[in-house]
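Visitor: The sequence and its predicted three-dimensional model are supplied below.
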Amino acid sequence: MIKPLLAVENVSKMFGARWALRNVTFCLTPGEIVLLAGPNGAGKTTLLRLLALLTRPNSGRVQIDNVAALEHPNVARARLGFVGHQTLLYDDLTVAENLDFYARLYAVPQPARRIRVIATRLGIEARLNDVTRTLSRGRCCTPRASCCWMNPTPVWIRTRQTHSTRSLGRLNRRVVSCCFRRTMWNGRWRAVIVLSSSTPGG
């Protein structure tokens, strides 16, 4: 039996008297991709905040790569990659300099070689010398994901936002197709969660 990279068991979260999540249970095995899609207020962000260990549930268990995440959060975080809406890139650095910073932060061996490999894999070789502030917000997404990929974690979470429900389906197909090509790294399959949400009134 294949052991899951991510296991969520009966997770519930309340804000005051309101349930945000109630008895959520699922698991992801190596190579699987899960897409969370729905309107604002459905609990998607709350779930991802729980998985990223940014908040704690009222009840339930979360296991990341065989680590009990709630009991050993720092160990679990080292096995988790998260790319949110914010780029978290330094505006005055080039894309390559940002990648080098994250490589050193993660203590990645041979950072220059890893940067070249990731840039080629994600198709951003031509952008490596661009200063980050000159890039559009959309173009910043791939360099930010590249920083996350500097540390080859077994579980990867990525969020994407759309401005209309009409474009949500097209975006989801692109994101899932993109992530499917990237679920394997250094011979090991990852588990990927993608969050797509629409703005109110979309």
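Guide: Good, I have the coordinates.

Visitor: C-alpha only now, for contacts and for neighbours.
Guide: Fine.

Visitor: ends of stretch 118-127, how far apart?
Guide: Start to finish, the residues bounding stretch 118-127 are 12 Å apart (CA to CA, to the nearest Å).

Visitor: Flag every buried residue along that stretch.
Guide: Ile118, Ala119, Leu122, Ile124, Glu125, Arg127 (16 or more other CA atoms under 10 Å).

Visitor: which among those gets closest to Met150?
Guide: Ile118 (7.6 Å; CA to CA).

Visitor: re the thing from before, report the two of the buried residues of stretch 118-127 separated the most.
Guide: Farthest pair in those (CA to CA) is Ile118 and Arg127. Separation: 12.3 Å.

Visitor: any idea how far Pro39 is from the residue of the chain positioned farthest from its centre?
Guide: Distance from the centre of the chain peaks at Ala17, with 29.6 Å (CA atoms, centre = their mean). Separation of Ala17 from Pro39 (CA to CA): 21 Å.

Visitor: Going along the chain, name the helices of the chain.
Guide: 44-51, 73-77, 95-105, 111-122, 137-149, 165-180 (DSSP state H).

Visitor: how far is stretch 28-48 from where the chain is centred?
Guide: Centre-to-centre, stretch 28-48 and its host chain are 11 Å apart (CA atoms, centre = their mean, to the nearest Å).

Visitor: Now it: buried residues?
Guide: 28-33, 35-37, 43-48.

Visitor: How far does it stretch from one end to the other?
Guide: 14 Å.

Visitor: pLDDT on that stretch, on average?
Guide: For stretch 28-48, mean pLDDT rounds to 83.

Visitor: Then stretch 91-104?
Guide: 90.

Visitor: one step back: what's the lowest-pLDDT member of the buried residues of stretch 118-127?
Guide: Pick the lowest pLDDT in the buried residues of stretch 118-127 and you get Leu122, at 75.
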